[in-house]
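In: with the sequence up front, the predicted model follows.
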Amino acid sequence: MIPPPGGGPRPRPRLLACDLDGTLLDSRGRLTAPVRAALLRARDAGLALAVITARPGRDVPAAVTGGIPDAAYWAYSNGAVIHPPGEARPRRVLGFAPGPVLRLLEAVRAASPHWSCALDLVDRTVTVDPFPREAAAHWTRVSHRARTDRLDLPGRVPKLLVHTGTGCGPAVVAEVQRAVGADATATASGGGFVELVPPGTGKSEALRWLCAEAGVDPAEAVAVGDGLNDLSMLHLAGLGAAPANAPEEVRRAAGLVLPSNDEDAVAALVALLLDGRPAHTTEE
C-alpha cells in the first residue's frame, strides 16, 4: 500500500511510469546500478513498468535501453509513439497531420523571426531554417530544410520543438502557447526547447493508454517525472512523484517529493512502494 500523504487509503500500485531524463537518469545521463536494481525489483513484485520520455527512440542510448527491464513499455516523443515490451515497431503513433504542422510553423515564425522549429518524426528529425544546426548536433538521423514548402511529411508528426533561444521555463512556454493558440499544447521537458503536441495528447494520454493496455486503473498507477511535460501524467496517476531536482512548479504538483535524480530518486520511490519506507511528501 502506498503511504497516503493525506491520511486516506490508496489502491495498491500496479503500474510504475517513469520519465527518463532528470528522473530515471542521473545528471550525467546514466542509469545507475541502484535504479536498475530497483526497476528489476519492481518488475519481480508484479508492477507493470513504463518509460515515458520526450526523446524519440533513436536518441536513447543502448546503454540506457539495455538497463531497463525487457518487460517495460516505452513511450517516446512525449508519449506519442508507444512500443509494447519486446516490440521493435510502435503499436501506437499519434501526432499532427501535415496541414496543422504547416500552420504551426507559420504561427511560430510570425510570433518571432528568431524562433524556429524542428519536427520530431518517427524515423528522423527535420529542422527548418533558421533552426541552429549546432542545437541538433547530438541528435541522430537529422535532415535540414530551408523552406516549409520543401517539407515531405509522410504521415503523423508526433512532436514539434520550438527553439526560442531564451530557454523553456514556464513564462517562455506560455509565450509560445499564446502564439500557437488552440492548435497545439506547449510544454517543456527541461531541455532548451518548447515542445508542441496535439491537444488532448501528451504523457497523460500515453499513461491512460498504457493503463488500459495493462488492465490497470489510473488510480493504481504511480508516475514520476521532473519536467513541465510530466505534469499531466502526475495529475492523472493515483500517486504523482517528483525528484528534488524538479522545478518548483512540478514539485508543488506532486504528491510525493523524492531525493534528486543524482541520489537515485526512482530507487527511493520503489523502496517506498514496496517496503513502506518513509519519504518526504509535499504535505508534510
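Out: Arrived safely, thanks for sending. These figures come from a predicted structure and were not determined experimentally. Numbers count the residues shown, from 1 in each chain.
In: how close does residue 68 get to residue 246?
Out: Relative to residue 246, residue 68 is positioned 21 Å away (C-beta to C-beta, to the nearest Å). C-beta: built from backbone N, CA, C; applies to glycine.
In: now do the strands in the stretch 1-150 of the chain.
Out: 15-18, 48-52, 73-76, 81-83, 92-93, 116-120, 125-128, 142-145 (DSSP state E, counting those that start in this stretch).
In: let me fix that, I meant to ask about the stretch 151-284 of the chain.
Out: Using DSSP E, counting those that start in this stretch, strands in the stretch 151-284 of the chain cover 159-163, 185-187, 194-197, 221-224, 239-243, 256-258.
In: dump the ones you listed to JSON lines, plus mean pLDDT and distance to residue 266.
Out: Conversion of these to JSON lines gives the following (pLDDT from 0 to 100; distance: least, C-beta to C-beta, whole Å):
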{"stretch": "strand 159-163", "mean pLDDT": "95", "distance to residue 266": "24"}
{"stretch": "strand 185-187", "mean pLDDT": "94", "distance to residue 266": "21"}
{"stretch": "strand 194-197", "mean pLDDT": "95", "distance to residue 266": "22"}
{"stretch": "strand 221-224", "mean pLDDT": "98", "distance to residue 266": "6"}
{"stretch": "strand 239-243", "mean pLDDT": "98", "distance to residue 266": "8"}
{"stretch": "strand 256-258", "mean pLDDT": "97", "distance to residue 266": "8"}
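In: who wins for proximity to residue 102 among these?
Out: Among the strands of the stretch 151-284 of the chain, the nearest to residue 102 by C-beta to C-beta is strand 159-163 (11.1 Å).
In: for residue 234, which non-adjacent residue is spatially closest?
Out: residue 240 (3.0 Å; C-beta to C-beta, 6 or more residues apart in numbering).
In: the one you found reaches residue 226, doesn't it?
Out: No. If you go by C-beta atoms under 8 Å, residue 240 and residue 226 don't touch, sitting 11.5 Å apart.
In: tell me which of those two has more neighbours.
Out: Counted by other C-beta atoms under 10 Å, residue 240 and residue 226 do not tie: residue 226 has more neighbours, with 28 against 24.
In: which residues touch the more buried one?
Out: The contact partners of residue 226, by C-beta atoms under 8 Å, 6 or more residues apart in numbering, come to 19, 21-23, 190, 242-243, 245-247, 250, 261.
In: swap in residue 34?
Out: Here residue 34 is in contact with 264, 267 (C-beta under 8 Å, 6+ apart).
In: separation between it and residue 15?
Out: Separation of residue 34 from residue 15 (C-beta to C-beta) stands at 21 Å.
In: how many neighbours does the residue nearest to residue 85 when sequence neighbours are not counted have?
Out: Of all residues not flanking residue 85 in the chain, residue 71 sits nearest, at 5.1 Å (C-beta to C-beta, 6+ apart). Applying other C-beta under 10 Å, we find 16 residues neighbouring residue 71.
In: which residue is the nearest non-sequential neighbour of the most centrally placed residue in the chain?
Out: Closest to where the C-alpha atoms of the chain average out (C-alpha atoms, centre = their mean) is residue 53, at 3.4 Å. Residue nearest to residue 53 in three dimensions, not counting chain neighbours: residue 20, with 3.8 Å by C-beta to C-beta, 6+ apart.
In: who are the contact partners of the residue lying closest to residue 162 once chain neighbours are set aside?
Out: Nearest non-adjacent residue to residue 162, counting by C-beta to C-beta, 6+ apart: residue 194, 4.3 Å away. Contacts for residue 194 (C-beta under 8 Å, 6+ apart) come out as 161-162, 164, 168, 172-173, 176, 186-188.
In: what score does residue 9 have for pLDDT?
Out: pLDDT, residue 9: 55.
In: before we move on, what about the one 3 residues further on?
Out: Note for residue 12: predicted pLDDT of 81.
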